[in-house]
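1. Below: sequence and its predicted model.
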Amino acid sequence: MPELPEVETVKRSLERLITGSAITDVNVLFPKVVKSHTPGDFKASLAGCKIKSLARRGKYLLVHLSGDKTLVIHLRMTGRLVYLEEKDDLPRYAHVIFYLEGGKRLVFADMRKFGHINLIPTAQLKNMPELKKLGPEPLGKEFTVQYLQQELRKRRTKIKALLLDQTFVAGLGNIYADEALHLAKIHPERTAQGLTGSEAAGLHHAIIKVLEQGIKNRGTSFSDYVDGEGNIGTNQYQLKAYQREGEPCSNCGTIIERKKVAGRSSFFCPQCQSSKR
DNA sequence: CGATTCCCCTGATAGC
DNA sequence: TGCTATCAGGGGAATC
């Protein structure tokens, strides 16, 4: 599933391919994907716009266009945004096709149809509810040990639930939340308030570490994720907990367990990540 | 405030 | 072989 490292990789891979290109036409094959416009209005609003730059906020990919408009794209679980050469076939589950100059295309495809696209005036980005609610970027300077400690103290919820809460910190999903907790040796069901100061500091470090490693490995490709050129990442080979139920922990050899926490499958080492302090 | 459940959607998997 | 029931999961909404 595309989380921060995957969206960042999509962004980086597309950047050099589509920046500067003009959108010549748009074809919306599955209208529900575009939340902000009808297919006709979407096409009319985009025709002639030039792709100025790409950005990312949490798990959102932002495509800044000429005319002070921005495409806000969320891939959710199985969404893909891929660049196609003229000769390339359309991928399965293609829902929106952006035709670019020179016969190139940018395609939004999504098997599960959970992903979505909004086109909004760039000036209104900061007022957009979905973006406005997001917590700090975990790789940004706002996400400090102090911020983490102070937020943990406020919350009675389980730490796993908090890591998945995008208003707390933006960009972690099930994979990197489990990896960060494993690296920090914290059980997913520990309460946020119950963590010690040094555990919070360790978790802060772990979150940054697993995300940076994910980006370095160009994302985790488990089921559907590929970058903007359709290439899979390699971070799935580096995971220590996620999807490793029944396998020995890389630290201590204890068998990794799986349990539903905060409504999501959680993978953890019952030895390293003790539920007690 | 926090916990839980439903919903969206469809491929994979298990059970018959 | 082929059908059907169940599950996974990001995130928002509704409910308790």
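-> Arrived safely, thanks for sending.
2. So is whatever helix or strand A:Leu148 lives in next to DNA strand B?
-> Element membership of A:Leu148 [criterion: DSSP states H and E] is helix A:145-154. Yes: counting by Cβ under 7 Å from any atom of the strand, DNA strand B has neighbours in helix A:145-154: A:Lys154. Any C-beta I mention is one placed from the backbone N, CA and C, and that applies to glycine too.
3. Show me what counts as buried in that helix.
-> Neighbour counts over helix A:145-154 (16 or more other Cβ atoms under 10 Å) mark A:Tyr147, A:Leu148, A:Gln149, A:Glu151, A:Leu152 as buried.
4. Likewise for stretch A:159-175?
-> A:159-166, A:168-175.
5. so which of the residues you listed also contact DNA strand C?
-> Restricting these to contacts with DNA strand C (Cβ under 7 Å from any atom of the strand) yields A:Leu164, A:Gln166, A:Gly173, A:Asn174, A:Ile175.
6. now for the helix holding A:Leu148, which elements pack on it?
-> helix A:159-164, helix A:197-216 (3 or more Cβ pairs under 8 Å, 6 or more residues apart in numbering; DSSP states H and E).
7. The ones you listed: which one's closest to DNA strand B?
-> helix A:159-164 (5.2 Å; Cβ to the nearest atom of the strand).
8. What parts of the stretch 1-150 of chain A come near DNA strand C?
-> Close to DNA strand C, as judged by Cβ under 7 Å from any atom of the strand, the stretch 1-150 of chain A has residues A:Met1, A:Gly58, A:Lys59, A:His74, A:Arg76, A:Met77, A:Arg112, A:Phe114, A:Glu130, A:Lys133.
9. Quick one, which of those are buried?
-> A:Met1, A:Gly58, A:Lys59, A:His74, A:Met77.
10. DNA strand B: which of the residues you listed is nearest?
-> A:Met77 (7.8 Å).
11. Is that closest one in a helix, a strand, or coil?
-> Of the three states, A:Met77 takes coil according to DSSP: H, G, I helix; E, B strand; the rest coil.
12. care to break chain A down by domain?
-> A:4-132, A:145-268 (automatic domain parsing).
13. which stretch among those domains comes nearest A:Leu139?
-> domain A:145-268 (6.0 Å; Cβ to Cβ).
14. roughly how far out does the closest one sit from the chain middle?
-> 13 Å (Cα atoms, centre = their mean, to the nearest Å).
15. residues in contact with the residue of the stretch 101-250 of chain A at minimum distance from DNA strand B?
-> Nearest residue of the stretch 101-250 of chain A to DNA strand B: A:Thr157, at 3.2 Å (Cβ to the nearest atom of the strand). Taking Cβ atoms under 8 Å, 6 or more residues apart in numbering, we find A:Thr157 in contact with A:Asp165, A:Thr191, A:Ala192, A:Ala262.
16. and the last one, how many residues sit next to it?
-> To tie it back to what came earlier, the one meant is A:Ala262. Residues contacting A:Ala262 under the criterion other Cβ atoms under 10 Å number 18.
17. Excluding sequence neighbours, find me the nearest residue to A:Leu195.
-> Among residues not flanking A:Leu195 along the chain, A:Leu152 sits closest, at 5.5 Å (Cβ to Cβ, 6 or more residues apart in numbering).
18. Quick check, the one you found in contact with A:Thr196.
-> No: using Cβ atoms under 8 Å, A:Leu152 is not in contact with A:Thr196, being 9.8 Å away.
19. quick revisit: so which of the helices and strands packed on helix A:145-154 comes closest to A:Asn235?
-> Proximity to A:Asn235 (Cβ to Cβ) singles out helix A:197-216 among the helices and strands packed on helix A:145-154, at 4.9 Å.
20. right, and the helix or strand after the closest one?
-> strand A:257-261.
21. What is the helix or strand following that next one packed up against?
-> Counting by DSSP H and E, the element after strand A:257-261 in chain order, helix or strand, is strand A:264-268. Judged by 3+ Cβ pairs under 8 Å, 6+ apart, strand A:264-268 is in contact with helix A:159-164, helix A:174-183, strand A:257-261.
22. okay, those in TSV with distance to A:His204 and mean pLDDT next?
-> Converted to TSV, the helices and strands packed on strand A:264-268 look like this (distance: least, Cβ to Cβ, whole Å; pLDDT from 0 to 100):
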stretch	distance to A:His204	mean pLDDT
helix A:159-164	12	91
helix A:174-183	9	92
strand A:257-261	20	87
